[in-house]
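[1] next one to model:
(2 chains)
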Amino acid sequence: MSTVSMTVNGKAVSADVEDRTLLVDYIREHLRLTGTHVGCDTSQCGTCVVHVEGKAVKSCTMLAAAAEGAEVTTIEGVANGDLHPMQRAFNDNHGLQCGFCTPGMIMSGIDMVNRYKAEGRTLDEAAIRHELEGNICRCTGYHNIVKSIAQAASEM
Amino acid sequence: MSEGIGAPVKRKEDKRFITGKGKYTDDIRMENQAYAAFARSPHAHAEINGIETSAAEAMSGVIAVLDGAQLTGDGIGNLICGWAISSKDGSPMNMGAWSALATEKVRYVGDAVAVVIAESKEEAQAAAEAIEVSYNELPVAANIAAALADGAPQVHENAPGNVIYDWELGDGDATAAALAGAAHVTEMDITNNRLAPNAMEPRSAVATYDDAEDHYTLYSTSQNPHVARLVLSAFYQVAPEHKLRVIAPDVGGGFGSKIYIYPEEIVCLWASMKTRRSVKWTAERTEAFLTDAHGRDHVTKARMGFDSDGRIVGFKVSTKANFGAYMSLFSSAVPTYLYATLLSGTYDIPAIHCEVLACYTNTVPVDAYRGAGRPEASFVVERLMETAAREMGKDPAELRRVNFVKEFPYQTQVIMNYDSGDFEGNMNQAMEAADWAGFTARKAEAANRGKLRGIGMACYIEACGIAPSAAVGSLGAGVGLWESAEVRVNPVGTIEVLTGSHSHGQGHETTFAQVVAERFGVPLDSIQIVHGDTDKVQFGMGTYGSRSGPVGISAIVKACDKVEVKVRKIAAHLLECNPDDLVLEDSQVKVPGTNKALGWHEVGLAAYTAHNLPADMEPGLKEGAFYDPENFTFPMGCFVAEVEIDPGTGKTDVVKFVASDDFGVIINPMIVEGQVHGGIAQGVGQALLEEMVYDESGQPVSGSYMDYTMPRAEDVPSFVVEHHNTRCATNPLGIKGCGEAGAIGSPPAVINAITDAIGNNDVSMPATPAKVWAAIQASGTSMAAE
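    Below is the predicted model of the structure:
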């Protein structure tokens, strides 16, 4: 057991966890923030994506202990009062159906837009599709997810 | 903007999902919750000599280790297939015994043998690995050919030769005669590849036994919680229905795989009673590949005969279907009444004969997956049509045009009676949207870039809302396929609609509310859709087979009819007017052109205060309905796929995809188009990427996302989705259903495009780069492009 301390969605949290505890399990089972999901066991599906120090991370691929002292943002923490533009874009464009992959898609989408903006690159449809390589959706055929991220990119 | 029928209203349910507040089964944590982990067979076929559990029982956190002997000893029944199919000779299907925990034999890799209940998931998993099962390995039948070979290993003793049934539909003699006299016969061997459904949410169950009440509660990733309760009670003897509540909360996709009641739910319920603890189990993805019912897996020989004008004269189809190691809940219906009945496609075919041989293998059970039988039928019909056109030197669109059904109703030779459609209209629309006429120029331009470009179409038809109950009962169904609804108007005028349909991505909370909002002239926000809980909704058949629109909504309409009658009577009584003179709009019940009007809420309040109601009227404003359709509905459409292939690598890019669908009346076009997008992506996945592979020893080779190629965003283009709708003639709103269409029409469209591009018709699904490259080498097309 180790004590891990980090900031999650702006709130300082600390807990004793087994050393093997994954960040996703810490978020879901200890903090009970269940918007972050687990859809595979091989780090392929991206339903567990959160932001660690502002960067998208698959939280099933990281030990909770490795996030010691870090700023972590989950889907529950992205909105500043009202919805985040990426969240609103998914609603506007029917970018979700069953909703299971959606938190990961939104977290990846925000990260993608931030990176492209910071680097001064254009996030066009081809770039969005390429960037979504690590996020699997079985419902939407990606069509409206791509539209959602494109809309948010123009608003963020 | 209108919120009613035809309006692309944004979804009411989205907010909880985009903010991380969805409530899926694995998100639920009960007081006193323990965790289940299963010990599963590593062998495809073996006898169980003994199960040694003492080491596991001694491990940290372990509460109980339970096996099949205890399960059957407690009277828990075997899993069953709920649709009885008889062979040609009248003999019943050979259903082998399937215990939720295997007792004497294991029959596929992943067959559950024992379960550990422990304080934590990790402790349960560690103890499950410590269970020592002594196996005597047996020879394996890993695929259809192996299962049907002479001397094949017997999967079940009561299925000689591994044959479950040898069934037929249609007129064998007439078809043979028609083919014998045909001017041209096209013959093909076709494989429909085995798929893993892969809803993104893995299956999960949380079971709680309350010994004070002798009552069970199951949270489950189910598409049909009432069917689950019925089957768990009536067949598996877990608990009587009134002592079992099944809740399917937010469910993260289903695609058929969450229709069935699996061993894990049975075991969690039983184990919660044995241990007096809530028991949770959630599949890992690899466990999902090992245990979720797979789809497709057909091998078919088909012969289609034409006269000298290109008119189809006869169609003979012989299919072998892999059912896996056990008969899953609806497995028997898939290659029979959901497949053979659609073999007339969109065409007027005077003679059809279909034979289906269903067999056991040492693989995961196979059952309905998005489309269920209809994609397989569409693939056979549309590959034959395309190939026949090429063989006869005819334009593929013209060959289809000549053979389309044009008059409705149309009675096919394989049971179905098509009520409506304009098949040519959809093909014309799709070809125009795809700029079919401009393809030659695009092909030439691609050739300049060293790419092989091809175009292909498929005119699919499907059958949604399987019905009516009496008819399906006569064909062997163990259940009726109606739907129920209850419409409750509260004293303040807000409305709760209880439906037996279940939403796991389809957007019912929005679509269903739109229907009611339009009907009563009230705001969308005043309507709540309630579903997925057997304690709230009395009964329902759930969501699969694209039935929620045509059947589920029809039940709501029927309940609304009854509510409206009462609303009119109450308002007419209070306003002293004729009920028929009233209109319901703008949250009022009023006589147009007069000052006679009541607020909708005033009618609700009047019904519940009951101070001044018509004589003999009961108080309250709540009506229920059961809707049993008079026929299937028949959505159809034309899909056009355009591909570019790199002849150096064989990699196929779908560069354009156009759909023109006929879904009847559409409630929410935004949601309907989303259904089409998702279906097309699954169909493109089947055509290019996906296959559940077993080796000869029955070991799954593609058991994770490292190995099974899920379609990613870069694997599909943006889609062009158009509509050319004709009203369904057999349900009140004219809805046809849209959930599966995309997955049904897209595989043949893509393969027709690939084979067009490379000039070699011998490409099976999935058309991987290696297969396509080999086909290019065989046909010599690579040179042509260079």
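[2] where do the domain boundaries of the chain fall?
    Picking chain A for this. Domains of chain A are assigned by automatic domain parsing as A:2-77, A:85-155.
[3] the chain in question should be chain B.
    With automatic domain parsing as the reference, chain B has domains B:14-138+B:202-252+B:258-291, B:141-194+B:293-406, B:419-456+B:634-786, B:482-627.
[4] doesn't B:S257 make contact with B:R370?
    No. Using Cβ atoms under 8 Å, B:R370 is not in contact with B:S257, being 9.1 Å away. C-beta coordinates here come from the backbone N, C-alpha and C atoms, glycine included.
[5] correct me, but B:D653 touches B:E644?
    Yes. Between B:D653 and B:E644 a contact is recorded at 5.0 Å, counting by Cβ under 8 Å.
[6] give me the more crowded residue out of the two.
    B:E644 (20 against 17; other Cβ atoms under 10 Å in any protein chain shown).
[7] contacting residues for the nearest residue to that one once chain neighbours are set aside?
    Nearest-residue entry for B:E644: B:K451, 4.5 Å, with adjacent residues in sequence omitted and distances by Cβ to Cβ, 6 or more residues apart in numbering or on different chains. Counting by Cβ atoms under 8 Å, 6 or more residues apart in numbering or on different chains, B:K451 touches B:644-647, B:785.
[8] could you measure B:K451 against B:E445, distance?
    Applying Cβ to Cβ, to the nearest Å, the value for B:K451 to B:E445 is 9 Å.
[9] likewise A:R88?
    Taken as Cβ to Cβ, the span from A:R88 to B:E445 is 40 Å.
[10] over to the closest residue to B:A729 other than its chain neighbours: give its phi and psi.
    Using Cβ to Cβ, 6+ apart and skipping the chain neighbours, the partner closest in space to B:A729 is B:D419 (4.1 Å). The phi/psi pair for B:D419 (degrees, to the nearest 10) reads phi -90, psi -30.
[11] again with the one 4 residues further on
    Backbone dihedrals for B:F423, given as degrees, to the nearest 10, come out at phi -60, psi -40.
[12] low-confidence regions, chain A specifically.
    Residue ranges of chain A with pLDDT under 70: none are present.
[13] going by neighbour count, list what's buried in stretch B:763-770.
    B:763, B:765-768 (16 or more other Cβ atoms under 10 Å in any protein chain shown).
[14] before we move on, the earlier item: quick check: which of the domains of chain A is buried the most?
    For the domains of chain A, the largest average neighbour count (mean count of other Cβ atoms under 10 Å in any protein chain shown) is found in domain A:85-155, namely a mean of 22.
[15] ends of that one, how far apart?
    7 Å (Cα to Cα, to the nearest Å).
[16] starting at the chain centroid, how far to it?
    11 Å (Cα atoms, centre = their mean, to the nearest Å).
[17] for chain A, what's the longest helix?
    In chain A, ranked by residue count with DSSP state H as the criterion, the top helix is helix A:102-119.
[18] would you state the helices of chain A in chain order?
    Going by DSSP H, chain A shows helices at A:23-25, A:85-92, A:102-119, A:125-131, A:143-155.
[19] any chance of those helices in TSV, plus distance to B:R390?
    Below are the helices of chain A laid out as TSV (distance: least, Cβ to Cβ, whole Å):
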stretch	distance to B:R390
helix A:23-25	52
helix A:85-92	44
helix A:102-119	41
helix A:125-131	33
helix A:143-155	31
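[20] look up the closest residue to the closest residue to chain B within chain A, ignoring the ones flanking it.
    Proximity of chain A to chain B (Cβ to the nearest Cβ) peaks at A:G35, 1.9 Å away. Among residues not flanking A:G35 along the chain, B:G20 sits closest, at 1.9 Å (Cβ to Cβ, 6+ apart).
[21] returning to what we had before: give the contact list for the residue nearest to B:A729.
    B:408-409, B:631, B:633-634, B:728-730.
[22] residue in chain B nearest to chain A?
    B:G20 (1.9 Å).
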